[in-house]
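Novice: predicted model, plus sequence, below.
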Amino acid sequence: MPSATPLPDTGWLAAETGRLFDFGRDFAHPLGGAAWLRADGTPDTSAPVHTWITARMAHVYSLAELLGVPGAAALADAALAGLTGVLHDGRHGGWHPSVAADGVPAAGKSCYDHAFVVLAAASATLAGRPGAPALLTEAIDTLVRRFWDPAQRMFADEWDTGWQRLDEYRGLNANMHAVEAMLAAFDATGQRECLDRALAITERTIGWGREHGWRLPEHYDAAWQPRLDQHRDRPRDPFKPFGATVGHALEWSRLILHVEAALGERAPDWLLPAATALFRRAVADGWAADGAAGFVYTTDWDGTPVVRQRMHWVAAEAIAAAAALYRRTGDPDFAQWYRTWSAYVREHFLDLRQGSWWHELDTANRPATSTWPGKPDLYHAVQATLIPRAPLAPGLAAACATGAVR
């Protein structure tokens, strides 16, 4: 049963939410959508406009609007305008991965990007933003029609621009965010099939977790056979790194609990044990694995650290997962981890001079830029300040809309 005992050390969360919202206010790009933000919060208009960043900012400022933040509605609408404008492929349908500063779109179509468009449109719909319901309808239709494989009960990963060639690569990262998107779409539309897809993906993911000692394979072939050596020669790849990604195990741990809560009495009894097992493995492999505070980014299949940089999003997901597990179980061990990681984030990741969180630290917990220059978006950090204050279901936008975020 969910715990009624408050989490410890939550007083900083609301203030930090507001500080993050303030940091991102200048994100608008002249082409439309969200610019990549530098470390000081100024927009880098020479960089491409990315669909995933624009969708995340639409989601974040829709949450801000639901929380009553002044000026948030206009910011959400500016990001949404990028999704209905420059980033939308008016010829072939769907969304370009990005558009360069000269207006030329990047090639291809990515499930990862389309999942974030669904999330953004669902949150914007719940926030009452103009045009959001139509965007959500199109985004769900495109994501499901183009990427969903009912035989495999998973989403495919990458098409060419004109939807003629489906790449053989399959990835768990896109499916993880598709679970989040399907839960948000269910909140916004009530479509039960969205919830069914989220459970189907979760069930398959848990199966791979069990088979690999709860270190989740990220990369697969077209038949969904794991490619355990993918990118061994490129371990720092920002989206497809080699090995087990510690932060994704934490993120999956939390998402499993959201799926369970959304299902209610329909939820199978293996969800909570799986969430706990993924959390425990991630902590054992990732936290202070090299003797210094912080989570390593990736490990080999025996748990040996590979990339030891500390990513802000991993710490954010650790806070959120510990809070969710404590809310679900009442186990004080999870509350202690929440306290430990909150203190770590406040000491090392918060940039109290320029704003937001450093997106990457080196092994000595100093700001670094080997993988993520600047502070591109607010998604992980904002959610880490809201999830400990929210129920496990409904999702964040619906919880904000009903005043359930405390």
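Specialist: The structure has been received and is ready for your questions.
Novice: all contacts plus neighbour counts: C-alpha atoms, from now on.
Specialist: OK.
Novice: could I get the full set of helices for the stretch 201-350 of the chain?
Specialist: In the stretch 201-350 of the chain, the segments counted as helices under DSSP state H, counting those that start in this stretch are 246-263, 271-286, 312-329, 332-348.
Novice: so which of these is nearest Ala79?
Specialist: helix 312-329 (21.3 Å; Cα to Cα).
Novice: quick check: buried residues in that closest one?
Specialist: 312-328 (16 or more other Cα atoms under 10 Å).
Novice: for it, packing partners?
Specialist: Packing partners of helix 312-329 (3 or more Cα pairs under 8 Å, 6 or more residues apart in numbering; DSSP states H and E): helix 246-263, helix 332-348, helix 379-386.
Novice: can I get these in TSV including mean neighbour count, mean pLDDT and distance to Val104?
Specialist: What follows is the helices and strands packed on helix 312-329, written out as TSV (neighbours: other Cα atoms under 10 Å; pLDDT from 0 to 100; distance: least, Cα to Cα, whole Å):
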stretch	mean neighbour count	mean pLDDT	distance to Val104
helix 246-263	25	98	32
helix 332-348	17	98	38
helix 379-386	21	98	26
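Novice: isn't Leu119 right next to His59, touching?
Specialist: Yes - assessed by Cα atoms under 8 Å, Leu119 is found in contact with His59 at 6.7 Å.
Novice: which among the helices of the stretch 201-350 of the chain is found nearest to Ala399?
Specialist: Using Cα to Cα, these put helix 246-263 closest to Ala399, at 12.4 Å.
Novice: helices or strands next to that closest one in the packing?
Specialist: helix 172-189, helix 192-211, helix 271-286, helix 312-329.
Novice: got the CA positions of the second one in CSV?
Specialist: What it means is helix 192-211. What follows is helix 192-211, C-alpha atoms only, in CSV (Å, rounded to 0.1, in the frame of the first residue of the first chain):
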residue,chain,number,x,y,z
ARG,A,192,-7.4,2.3,-22.6
GLU,A,193,-5.3,1.0,-25.4
CYS,A,194,-2.6,3.6,-24.4
LEU,A,195,-2.4,2.0,-21.0
ASP,A,196,-2.4,-1.5,-22.5
ARG,A,197,0.6,-0.6,-24.7
ALA,A,198,2.5,0.8,-21.6
LEU,A,199,2.0,-2.5,-19.8
ALA,A,200,3.0,-4.6,-22.8
ILE,A,201,6.3,-2.7,-23.2
THR,A,202,6.9,-2.9,-19.4
GLU,A,203,6.3,-6.6,-19.3
ARG,A,204,8.9,-7.3,-22.1
THR,A,205,11.4,-4.9,-20.5
ILE,A,206,11.1,-6.7,-17.1
GLY,A,207,11.7,-10.0,-18.9
TRP,A,208,15.0,-8.7,-20.3
GLY,A,209,15.9,-7.4,-16.9
ARG,A,210,15.4,-10.8,-15.3
GLU,A,211,17.5,-12.5,-18.0
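Novice: let the chain start at 57 from now.
Specialist: Taking 57 as the first residue, the last one we looked at is helix 248-267.
Novice: which residues sit against it?
Specialist: Outside helix 248-267, the residues that touch it by Cα atoms under 8 Å, 6 or more residues apart in numbering are 209-210, 228, 231, 234-236, 238-239, 241-242, 270-273, 312, 315, 318-319, 330, 334.
Novice: quick one: it to chain centroid distance?
Specialist: Here helix 248-267 is found 17 Å from its chain centre; the criterion is Cα atoms, centre = their mean, to the nearest Å.
Novice: again with the last one
Specialist: In this view, helix 368-385 has its centroid 13 Å away from the chain centroid, taken as Cα atoms, centre = their mean.
Novice: how many degrees apart are it and helix 302-319 in direction?
Specialist: 40 degrees (axes from the mean of the first three to the mean of the last three Cα atoms, to 10 degrees).
Novice: what angle do helix 435-442 and helix 368-385 make with each other?
Specialist: Going by the same axes, to 10 degrees, helix 368-385 makes 30 degrees with helix 435-442.
Novice: what does the longest one give?
Specialist: Between the axes of helix 248-267 and helix 435-442, defined by the same axes, to 10 degrees, the angle is 100 degrees.
Novice: could you give the mean pLDDT of helix 248-267?
Specialist: The average pLDDT for helix 248-267 rounds to 98.
Novice: and the third one, by the same measure?
Specialist: Helix 327-342 shows a mean pLDDT of 98 in the predicted model.
Novice: quick one: it to chain centroid distance?
Specialist: 18 Å.
Novice: CA atoms of that helix as CSV?
Specialist: What follows is helix 327-342, C-alpha atoms only, in CSV (Å, rounded to 0.1, in the frame of the first residue of the first chain):
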residue,chain,number,x,y,z
LEU,A,327,5.5,-5.1,-11.1
LEU,A,328,6.6,-3.9,-7.7
PRO,A,329,9.3,-6.7,-7.2
ALA,A,330,10.7,-5.8,-10.6
ALA,A,331,10.8,-2.1,-9.8
THR,A,332,12.6,-2.8,-6.6
ALA,A,333,15.1,-5.2,-8.3
LEU,A,334,16.0,-2.6,-11.0
PHE,A,335,16.5,0.0,-8.3
ARG,A,336,18.7,-2.2,-6.1
ARG,A,337,20.9,-3.2,-9.1
ALA,A,338,21.3,0.4,-10.2
VAL,A,339,22.3,1.5,-6.8
ALA,A,340,24.7,-1.4,-6.3
ASP,A,341,26.4,-0.9,-9.7
GLY,A,342,26.2,2.9,-10.0
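Novice: can you list the buried residues in that helix?
Specialist: Buried residues in helix 327-342 (16+ other Cα under 10 Å): 327-328, 330-339, 341-342.
Novice: can you check the longest one too?
Specialist: Neighbour counts over helix 248-267 (16+ other Cα under 10 Å) mark 250-255, 257-259, 261-262, 264-265 as buried.
Novice: again, but for stretch 98-107
Specialist: Going by neighbour count (16+ other Cα under 10 Å), the buried part of stretch 98-107 is Thr98, Pro99, Asp100, Thr101, Ala103, Pro104, Val105, His106, Thr107.
Novice: from those residues, which land in helices?
Specialist: In helices, judged by DSSP state H, the following of the buried residues of stretch 98-107 are found: Thr107.
Novice: turn the buried residues of stretch 98-107 into JSON lines, including pLDDT.
Specialist: Formatted as JSON lines, these follow (pLDDT from 0 to 100):
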{"residue": "Thr98", "pLDDT": "98"}
{"residue": "Pro99", "pLDDT": "98"}
{"residue": "Asp100", "pLDDT": "97"}
{"residue": "Thr101", "pLDDT": "97"}
{"residue": "Ala103", "pLDDT": "97"}
{"residue": "Pro104", "pLDDT": "98"}
{"residue": "Val105", "pLDDT": "98"}
{"residue": "His106", "pLDDT": "98"}
{"residue": "Thr107", "pLDDT": "98"}
